[in-house]
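Chemist: Predicted model, plus sequence, below.
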Amino acid sequence: MATVTTLVSAVVTGISDANGINNAGSVVGQEDTVFPYIWQPTQPNGTSGTPTRLPTLFTGGAPGSATAFSVNSQDTVVGHSEGLDANGNAVTRAVVWVNGTIQDLGTLVPTRSTRGASSATAGPSTSTTPAWSSAPPTRPRASSMRSCSTPGSG
């Protein structure tokens, strides 16, 4: 029989999402449709633990939101957060949280989809120019992928 564990209280809206889990049972998601969180079990894969709200990027004092999507075995979390570009405009930025500290990875540049759904690519550009030069690709190609490194690994 499965055990259901309440991870976060979501006191404002009562809505929370769990988006990712690692092998130790740490869970990441979004609380109250605004706040990213990580829930870490007291013991690996335990049913009791501690939720921690993760910080969002600076939005000039305006309310911002963020979502945590995935967590690795070191509890490094990836997701996105609203932030401001160089001109003070609100943008959605790819982020990573390491030990609870947020790092901006770049703007999510909108790309077109032949299926009508929207998708995005993480990159350092703040441009909203499409990421292709002619027809949109129907699936990612290795030659168009950017390499990424873990913060601090060079």
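Modeler: Looks like it arrived, so ask away. Numbers count the residues shown, from 1 in each chain.

Chemist: How about the contacts made by residue 67?
Modeler: Going by Cβ atoms under 8 Å, 6 or more residues apart in numbering, residue 67 touches 17, 19, 29, 30, 36, 79, 80, 81. Using the backbone N, CA and C atoms, a C-beta is placed for each residue, glycine as well.

Chemist: which of these lies closest to residue 57?
Modeler: Lowest distance from residue 57 to the contacts of residue 67 (Cβ to Cβ) belongs to residue 81, with 4.4 Å.

Chemist: tell me which of the contacts of residue 67 is nearest to residue 61?
Modeler: Nearest to residue 61 among the contacts of residue 67 is residue 81, at 15.3 Å by Cβ to Cβ.

Chemist: need the strands for this protein, in chain order.
Modeler: 16-21, 27-31, 35-41, 49-53, 66-71, 77-84, 90-98, 101-111, 119-122 (DSSP state E).

Chemist: hey, which of those is tucked in deepest?
Modeler: Greatest average neighbour count among the strands of the chain goes to strand 27-31 (a mean of 24), per mean count of other Cβ atoms under 10 Å.
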